[in-house]
Every structure is written in C-alpha cells, then in structure tokens.
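> Show me how the following folds:
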Amino acid sequence: GTVDLVALRAAVVERFAATDTGVVDTAFVTTCSPLPSVRWSEPYELLRDRSDAYLALTGKRPEVFLVNLGPVEVHTARATFAKNFFEAGGVAAISSELSESRGFENVEDAVNDAIQSGCALACICSSDAVYTARAAEFAEGLTAAGVSRVYLAGNPGDRRTAELAAGVNEFIHVGVNLIEVLDRALSSLELASRTTARKESGE
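Predicted coordinates:
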C-alpha cells in the first residue's frame, strides 16, 4: 500500500503537542548506529604496508616485469596502464631496454629478460591485434620458464579461455577489482619469500 505522508506528519505533530514535557514520544524516535569511518585510501595503504614489509624481508620491492610486445606505439598505452595499476599497491613495474624500446618480437628474448630481472610476476602488454596473434605463445613461454603469475593488460573478450589455458593467470583492465588482484599478487610473493627464508635457515 501507499503511505499518506500528510496524515503521518499530522499525527506526529499532534503527538508532540500532546506531551507535557515538549519531548517527542519515543515511539516516534528512530535510532541507528553511526557509520564506520573509513578512508578511501586505506586499502591501498595496507597494500603498500605489505610492500614495505616485503622490502624489509628481501631487500627489494615486490616487482612485476612488463613484457611489452611490438613497437612503442603499440604497447605504450597498456604498459602505462599496467605500471599505474601495479604501483598503486606498491608493486614496482620494471622492464628491460628491449621491452621499453622496440618491444619483444620473439618469446625467447622475453623469457630471457624476464628471468634475468628476477621477477616472479610478469604482465604482457600490447594491442588486441597482437594479443590475438601472439599472446598465447608468450604466456606459455613465461609459464614454462617458471614465472609464477602471468598477467595480461586488457579485457580479453572471447580470447579469455584460450589465454587462460596458455598460462595467463589474470587479466587487468578497467572494471576488475584492483585491491583483490594486488592482494593475490602480494600473497604469492610473500609465500615464496617465506619459503625461501625457511630453506636458507635450514628449517
């Protein structure tokens, strides 16, 4: 049914006027708990705190290697997006000279530079046309070489199934939950660093 707001207001006024103390009857009082105070930047600060802790433990920031495919004009937009995406949570995005300049044309060069960087994370960056032709083989090569998590910058659309099967773990693009993606990235690096620390200590 509908609520007659005019009649409701009149009833409240009448009840208020009928009280001797001038205090509204508690039957007409609604109470609620205050909303929690949350800073919008807090989730990012927590990620960066974890980055600081990782730095203290390992001597370097968490890093992701950008595997840029094709020339600068083809890969720059998504490489820039990926860099901003990861660094928002304290994960440094790095590349090799070849990756930043001409971009990779063959899998072997990309794998070699990624392994030499020491990064356990890699993100493939290029255009949709290049992805359609070559993303799968680069993902396969990086995964086979031991890169623990492979990302691809951009929405895969109908390529998703094939690229996941090739070794891409996650896709980063507008609309994904950045906090959750970076939480998983940091968790994988933290687990690896703890495992390494235990081995070195002889546990």
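
> show me what contacts the most centrally placed residue in the chain?
Centroid-nearest residue in the chain, with Cα atoms, centre = their mean: residue 178, separated by 2.9 Å. Residue 178 makes contact with 85, 88, 89, 172 under the criterion Cβ atoms under 8 Å, 6 or more residues apart in numbering. For glycine as for every other residue, the C-beta is placed from the backbone atoms N, C-alpha and C.

> ok, 6 Å please
Contacts for residue 178 (Cβ atoms under 6 Å, 6 or more residues apart in numbering) come out as none.

> can you check the one 10 residues further on too?
Each residue near residue 188 by Cβ under 6 Å, 6+ apart is listed here: 148, 149.

> One more pass at 8 Å, please.
Residue 188 makes contacts with 120, 121, 148, 149, as judged by Cβ under 8 Å, 6+ apart.

> just the helices in the chain please.
Remark: helices assigned in the chain by DSSP state H are 5-18, 42-58, 72-87, 97-100, 107-117, 128-130, 136-144, 160-166, 178-201.

> Report the rounded mean pLDDT for the third one.
Same thing as helix 72-87. Regarding helix 72-87, the rounded mean pLDDT is 98.

> quick one: it to chain centroid distance?
14 Å (Cα atoms, centre = their mean, to the nearest Å).

> Report the buried residues of it.
Buried residues in helix 72-87, defined by neighbour count with 16 or more other Cβ atoms under 10 Å: 74, 75, 76, 78, 79, 81, 82, 83, 85, 86, 87.

> which other helices and strands contact that helix?
Using 3 or more Cβ pairs under 8 Å, 6 or more residues apart in numbering; DSSP states H and E, the elements in contact with helix 72-87 are strand 63-68, strand 92-94, strand 121-125, strand 149-153, strand 170-172, helix 178-201.

> hmm, back to that, any idea which of the helices of the chain gets closest to residue 36?
helix 42-58 (11.0 Å; Cβ to Cβ).

> confidence score at residue 22?
The model reports residue 22 with a pLDDT of 57.

> Counting neighbours, what do you get for residue 71?
Look at residue 71: counted by other Cβ atoms under 10 Å, it has 14 neighbours.

> if we can go back for a sec, which one of the helices of the chain lies nearest to residue 65?
Evaluated over those, closeness to residue 65 peaks at helix 107-117, with 4.7 Å, by Cβ to Cβ.

> Run through the neighbouring helices and strands of that closest one.
Counting contacts by 3+ Cβ pairs under 8 Å, 6+ apart, helix 107-117 packs against strand 63-68, helix 97-100, helix 136-144.
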